[in-house]
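Asker: show me how the following folds:
(one chain, ligands or ions: 1)
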Amino acid sequence: MTDIQMLPLRFPGGKRQLYSFVYQVLEENNLIGCRYIEPYCGGAGLALTLLLSNCVNQIFLNDIDHKIYAFWYCALNMTDQLCELIEKTPVTIEEYRRQSEIYRSSKDMLQLGFATLFLNRTNRSGILIGGPIGGYEQNSKYKIDCRFNKNKIIGAIRQIASFRNSIKLYNLDALDFLRRIKAMQFKTKTLLFIDPPYYKKGRRLYTNFYIHEDHCKVADFLANDLRYLPWILTYDDADEIREIYSNYDVPYIMKRIKYSAARKRYETELLFFNNLIIPFQGKDGDKIFDNLELFSEVKENRQELAKIHHKLCQTAQRSH
Ligand SMILES: C[S@@+](CC[C@H](N)C(=O)[O-])C[C@H]1O[C@@H](n2cnc3c(N)ncnc32)[C@H](O)[C@@H]1O
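Answerer: You can find the predicted model right below:
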């Protein structure tokens with residue numbers, strides 16, 4: 001098994017930490033080796049970790065953000081040129097200003113892809129409006145280059161690029177992308193992992209964010225048009241999201257997830273499954289709970305989880 005050394009992009013809300021959980025879902029649902037699709041890929045940490053460890057055979061990555069797309073495009077298709085830029089560009093405040101200008105105005109894929117990487121790794125928290133690590137005066141303990149280990153970044157990009165034949169890249173609005181996926185009529189093993197912009201903090205974290213109606217449209221498409229493909233959906237814990245999905249009778253569980261974007265903290269998120277996925281197959285409760293490290297507060301409430309599991313088994317049996 002190859003493991004990915006590091007992820008080139010730092011990403012607020014990155015889902016790589018769900019790797020063991022999703023691996024378990026793949027295994028229990030006979031989906032190892034499947035096609036894996038992310039309509040909101042961002043830093044693509046989970047998708048790449050699954051691909052590089054051979055848990056899935058092919059990944060489809062989509063993001064509407066043209067700059068994120070430019071980075072992934074260069075990593076996969078202009079690998080040598082991108083690595084050369086990483087190698088020879090000084091990581092200084094002057095360069096930070098220059099790359100910020102390129103990021104704002106360039107149309108050139110290589111320049112844009114590199115500027116995205118440069119700013120992502122030199123900005124506070126990887127958030128592009130965060131300002132340079134260490135401030136413009138550089139008088140803090142952490143300097144602008146402290147997250148820019150050139151050898152490691154180049155190593156990670158080359159490692160990912162060696163899987164380029166198994167990666168399909170798109171730069172579409174997620175709903176257009178999902179329509180395209182539907183039209184492909186996949187019949188063999190497929191899993192969709194859907195991680196839309198947060199309901200509550202999306203505006204602050206991402207260049208592209210959703211309003212309430214957009215979240216509703218996604219729910220409708222997933223629950224109706226894509227009900228025949230297994231999918232997992234993650235969200236921040238917002239009442240509005242629980243309400244939207246309650247209309248479709250899609251079960252969810254809650255989990256605590258650790259974020260390092262701003263400072264280390266835990267937040268509760270919602271994980272929804274459609275009825276083609278059974279997250280915990282075990283017939284006896286103990287097996288279910290043994291596998292639940294991530295879901296600490298659900299673990300405290302065995303009854304709630306047992307109910308969810310029971311319901312999932314029933315819906316899955318009905319659809320077979
Ligand atoms: C929660 S982040 C995804 C993080 C990703 N799962 C990871 O682990 O790095 C949401 C992503 O959705 C993208 N996005 C926002 N609106 C979109 C849209 N309408 N269509 C496609 N992508 C969109 C943002 O650019 C952002 O990268």
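
Asker: what does this protein put close to the ligand?
Answerer: 11, 13-15, 39-43, 45-46, 63-65, 68, 173-174, 195, 197, 206, 208 (C-beta under 6 Å from any ligand atom). The C-beta positions use only the backbone N, C-alpha and C, and glycine is treated the same way.

Asker: so how do I select the buried members of these in ChimeraX?
Answerer: Selection of the buried residues among these in ChimeraX, burial being defined by 16 or more other C-beta atoms under 10 Å:
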select :11,13,14,15,39,40,41,42,43,45,46,63,64,65,68,174,195,197,206
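
Asker: could you work out the end-to-end span of stretch 124-140 for me?
Answerer: Terminal residues of stretch 124-140 lie 12 Å apart, using C-alpha to C-alpha, to the nearest Å.

Asker: cool, stretch 162-172 as well?
Answerer: Using C-alpha to C-alpha, the span of stretch 162-172 from its first residue to its last is 24 Å.

Asker: show residues contacting it.
Answerer: Outside of stretch 162-172, the residues within contact range by C-beta atoms under 8 Å, 6 or more residues apart in numbering are 48, 51-52, 57-64, 66, 69, 72-73, 76-77, 160, 177, 180.

Asker: can I get the buried ones among these as something I can paste into PyMOL?
Answerer: Here is the PyMOL command that selects only those of those that count as buried (16+ other C-beta under 10 Å):
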select buried, resi 48+51+52+58+59+60+61+62+63+64+69+72+73+76+160+177
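
Asker: so which of the contacts of stretch 162-172 sit within helices?
Answerer: L48, L51, L52, H66, Y69, W72, Y73, L76, N77, I160, F177, R180 (DSSP state H).

Asker: out of the residues of the chain next to the ligand, which sit inside strands?
Answerer: The members of the residues of the chain next to the ligand all map outside strands under DSSP state E.

Asker: which of the residues of the chain next to the ligand fall in helices?
Answerer: Going by DSSP H, the helices hold G45, L46, I68, A174 from the residues of the chain next to the ligand.

Asker: pLDDT added to the residues you listed, as JSON lines?
Answerer: Below are those laid out as JSON lines (pLDDT from 0 to 100):
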{"residue": "G45", "pLDDT": "96"}
{"residue": "L46", "pLDDT": "96"}
{"residue": "I68", "pLDDT": "96"}
{"residue": "A174", "pLDDT": "98"}
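
Asker: and the two most separated of the residues you listed?
Answerer: Farthest apart among those by C-beta to C-beta are G45 and A174. That separation is 18.0 Å.

Asker: mind checking pLDDT for the nearest residue to A47 once chain neighbours are set aside?
Answerer: Spatially, and ignoring its direct neighbours in sequence, A47 is nearest to I59 (4.5 Å; C-beta to C-beta, 6 or more residues apart in numbering). Note on I59: pLDDT of 98.

Asker: measure I59 to the ligand for me?
Answerer: For I59, the distance to the ligand (C-beta to the nearest ligand atom, to the nearest Å) stands at 12 Å.

Asker: show me what contacts that residue?
Answerer: R35, Y36, I37, E38, A44, A47, L48, L50, L51, S166, I167, K168.

Asker: export those as a markdown table, with columns for distance to A156.
Answerer: Below are these laid out as a markdown table (distance: C-beta to C-beta, whole Å):
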| residue | distance to A156 |
| --- | --- |
| R35 | 23 |
| Y36 | 19 |
| I37 | 22 |
| E38 | 18 |
| A44 | 12 |
| A47 | 14 |
| L48 | 9 |
| L50 | 16 |
| L51 | 13 |
| S166 | 16 |
| I167 | 14 |
| K168 | 20 |
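
Asker: for the protein, which segments count as helices?
Answerer: With DSSP H, the ranges of helices along the chain come out as 19-28, 45-52, 66-77, 79-88, 93-105, 109-122, 150-161, 174-184, 202-205, 212-220, 239-246, 285-290, 296-299, 302-319.

Asker: can you list the low-confidence ranges for the chain?
Answerer: Flagging of the chain using pLDDT under 70 yields the residue ranges 1-3, 126-128, 202-208, 249, 251-266, 278-320.

Asker: got the domain ranges for it?
Answerer: 16-64+172-319, 71-160 (automatic domain parsing).

Asker: right, and the ones you listed - which one's nearest I4?
Answerer: Across those, closest to I4 is domain 16-64+172-319 (C-beta to C-beta), at 4.7 Å.

Asker: nearest residue to I241 other than its sequence neighbours?
Answerer: Once chain neighbours are set aside, the closest to I241 by C-beta to C-beta, 6+ apart is Y235, at 4.7 Å.

Asker: mind checking how far the one you found is from Y40?
Answerer: As for Y235, its distance to Y40 is 11 Å (criterion: C-beta to C-beta, to the nearest Å).

Asker: what of E137?
Answerer: E137 is 36 Å from Y40, where distance means C-beta to C-beta.

Asker: which among the contacts of I59 count as buried?
Answerer: Applying 16+ other C-beta under 10 Å to these flags R35, Y36, I37, E38, A44, A47, L48, L50, L51, I167 as buried.
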